[in-house]
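Participant: Sequence first, predicted coordinates after that:
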Amino acid sequence: MQALLKDKFMLEDKNFKMHLQELDALNKKIERRKFLKSTAGGLGAMALGSLLSSSISTKSFEEQILDALPTIAPKAKRVVYLFMSGGPSQFETFDYKPGLINMQGQSLPDSVRNGQRLTGMSANQAQLPIASSFTNFKQYGKSNTWVSDLLPYTAQVVDELCIIKSMFTEQINHDPALTFFQTGHQLPGRPSIGSWLSYGLGSENKNLPAFIVLVSKNAARDQPLYARLWGNGFLPSQHQGVQFRSGNDPVLFLNNPEGYDGKDRKEMLDYLSQLNNLQNDVWGDPEVNARMSQYELAFRMQTSVPDVMDTSKESDEVFELYGPDSREKGTFAANCILARKLLEKDVRFVQLYHQGWDHHGSLPSGMKQQCKQTDQASAALIMDHARRHIGNMGWRIWTNCLFAR
Amino acid sequence: MVMQEMPKPKKTFILTRGQYDAPSKEVFPNTPEKILPFPSNYPKNRYGLAQWLTDNRNPLTARVVVNHLWQNFFGMGLVKTAEDFGNQGEMPSHLDLLDWLAIEMSASDWNVKKINKLIVMSATYQQDSRASATLKEKDPENKLLARGPATRLSAEMMRDNALIASGLLNKAIGGKSIYPYQPEGLWDINGTKYMQDTTNQIYRRSLYIVLKRTVPNPTLANFDGPSRASCVVRRQSTNTPLQALVTLNDPTFIEAAKVIGEAMSQQKDTATAIKNAYRQLTGLTPNAKEIALLTNLQINEYNKFKANPTKTKGWLNTGLYKINTSLDACWVAANTVVASTILNSDASITKR
């Protein structure tokens, strides 16, 4: 594919520059494409597919590039990312290790640890005994994938999943691991993956942000979260993840002063617009209009956000699919319904955070509780997408920050 | 913070591939010789570094400092890359001016106020920010300084401007961090509780707002206040819908508008009241058309509130400040909306 692109468009040729005005703009897009192609593997390819299909007007050019792409052309346009903060145990979820049962209580062999540093949590232990899974596994689906008994709903959709068991991290603490996972670097200050997608691909919905974050309120607050995990780093701040909250003010400062309704606000903004125009008669600065258009967008958000946050019109069948928690706002299950609604509205990147997975001594009770809160709704999200025929247009990522036990 | 040198300094090593347990060559404190060789009479510790930085022979420090001050007023430094005077940085647009300001700075015993005064009293700063289309095309960034600056207020300035315009500003210097209005529950993701101030501490300058790097103050963060993950010398200046929501609905800004609205309601002549509010918020005098427009808004809002007084609730009850109840509440609310409209207009947000 690289060679083909190079032959046809010389994308890899550093001296290659077009100088017509329109082509300069195109060049910029190609630079972005190159960047997205070379980062984050699949997400970059998804971005490439999206850029090609939305931003180039000459059909033949687009077709030629699509010809050059591999046969599995990227179709995904959106991502829903379910982040299990704290680190769900692999031995109680997807990594079936029957051999451990006979090794229960034995010391961890040196060949496994390989001299790796220990965390402060376990550095003082006299020995590091092996603990096998406390739960059973069975095989599911055409793929015969092993799934733990704690995830009965996920087990039903296991053929829809791609489970990666080879992930590893060099981070031994939650904070840098989380930061690394979201930004690609353990030190804070870089843009999060959602911000990059917003920057690279922009928004398809003019009334909602491109990158929306939902944090479960029904999770144990063990490991903290930080706004920088959805921060824009060094990118312009319009690409920051916007947290939608479950209370009365879903986006910070979204609500007008009490009693002052949308119609009142519209009237006031009309006056504001006229005032800006009068002021701009003096200054003649396009920035004034740019700011006014942001006020208009803010006003549209005031209507569209409560609208999308309102799940009361969902059918009973939907609530049953996502589980009993889903009727209560702010829970993981309710956030999964919201995520589906946001994706339907073409929001580019929706990220759910669910805390409470940092288990040590409390692992058996903790895992049961956490899986109960997340299993049914995670699976429902997949089923709901598939039946609404939007499944193949998005990626779903279910991931965690630390695998350590 | 380490404020004192150890009696016997710790040895320092290069760590192989950054691993803390893989020390290699021992290293010793020094500074780049090309800038200024480290004088032998300075101790090789923090104190010596401070002396080296502020040594009159050090060519860099004063230039960097005055460039920051210049950037505060003009939106862009004489060296555009204020954070980088090195290889990757840009050359100064006005080399002699930068040198002269730097010498003034160190000769005046590093008097920041003096340099600020020098800059704002200059003919360059006082120029009209308007420019012909030709000039704008030739010099979109105003590198030639052939016109005055036009920049959006910074995060702190946005809030401070509302506080000073309304007269709420508490000018106390120093002391503890302040905890201004902030939507409830933001610190929950961190397992902590935000205890909002209940006294006039809440009206102190934004400089004193508590810094929590994991959950930054949303009012400041929305206007590009840095996250403090790393040192930011040159901020972005973005324009987002979330900013509009802040100045429209953040209690800080509603309260400021309310206090201005109350003051307007106590003035007999409505045109004068509007003119005063406009001047307080923008530093500019409104023209006849603007006054006429705002008067229409005032009447329109008043009639609306009169017909339905519950609409005044949010405007009049937001913030710690209590308005004078002997005034006509609907009239105060109408004036509050007028003040909020001015506060949200370009003349308040952009300094020209």
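Facilitator: Thanks, I have it.
Participant: Which parts of the stretch 251-352 of chain B are strands?
Facilitator: Using DSSP state E, counting those that start in this stretch, the strands found in the stretch 251-352 of chain B span residues B:350-351.
Participant: Contact residues of it facing chain A?
Facilitator: Neighbours of chain A within the stretch 251-352 of chain B, by C-beta under 8 Å from any C-beta of the partner chain: B:254, B:287, B:289-290, B:293-294, B:296-297, B:300-301, B:304, B:310-315, B:317-318, B:337, B:340-342, B:344-347, B:349-350, B:352. Every C-beta, even on glycine, is put in place using the N, C-alpha and C of the backbone.
Participant: where do the helices sit along chain A?
Facilitator: With helices called from DSSP state H, chain A shows them at A:2-9, A:21-38, A:42-55, A:59-68, A:110-113, A:152-156, A:174-183, A:193-201, A:262-283, A:286-309, A:316-322, A:332-344, A:363-387.
Participant: Send me the fifth one as CSV with only the CA atoms.
Facilitator: When you say that, I think you mean helix A:110-113. Taking Å, rounded to 0.1, in the frame of the first residue of the first chain, the C-alpha atoms of helix A:110-113 are listed here in CSV:
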residue,chain,number,x,y,z
ASP,A,110,11.8,-16.1,38.8
SER,A,111,11.3,-16.8,35.1
VAL,A,112,8.0,-15.0,35.3
ARG,A,113,9.0,-11.9,37.2
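Participant: Return the residues in contact with the residue in the stretch 251-400 of chain A that chain B sits nearest to.
Facilitator: Among all residues of the stretch 251-400 of chain A, A:Pro257 sits closest to chain B, at 2.6 Å; criterion: C-beta to the nearest C-beta. Neighbouring residues of A:Pro257 by C-beta atoms under 8 Å, 6 or more residues apart in numbering or on different chains: B:249, B:254, B:313-315, B:318.
Participant: cool, and B:Glu104?
Facilitator: Counting by C-beta under 8 Å, 6+ apart, B:Glu104 has contacts B:66, B:114-115, B:118.
Participant: at 7 Å what do you get?
Facilitator: B:115, B:118 (C-beta atoms under 7 Å, 6 or more residues apart in numbering or on different chains).
Participant: Tell me how many other residues crowd the residue of chain B found nearest chain A.
Facilitator: Residue nearest to chain A within chain B (C-beta to the nearest C-beta): B:Gly314, separated by 2.6 Å. Residues within reach of B:Gly314, counting by other C-beta atoms under 10 Å in any protein chain shown, total 20.
Participant: if I look at it, how far off is B:Leu248?
Facilitator: Applying C-beta to C-beta, to the nearest Å, the value for B:Gly314 to B:Leu248 is 11 Å.
Participant: for A:Leu225, same thing?
Facilitator: Between A:Leu225 and B:Leu248 the distance is 28 Å, computed by C-beta to C-beta.
Participant: Which of those two has more residues huddled nearby?
Facilitator: Taking neighbours as other C-beta under 10 Å, A:Leu225 and B:Leu248 compare with B:Leu248 leading, 27 against 23.
Participant: and the more buried one, what helix or strand is that in?
Facilitator: Here B:Leu248, judged by DSSP states H and E, is contained in helix B:241-249.
Participant: what does that helix rub up against?
Facilitator: Here helix B:241-249 has contacts from A:242, A:253-257, A:294-295, A:297-298, A:301, B:219, B:222-223, B:253, B:343-344, using C-beta under 7 Å, 6+ apart.
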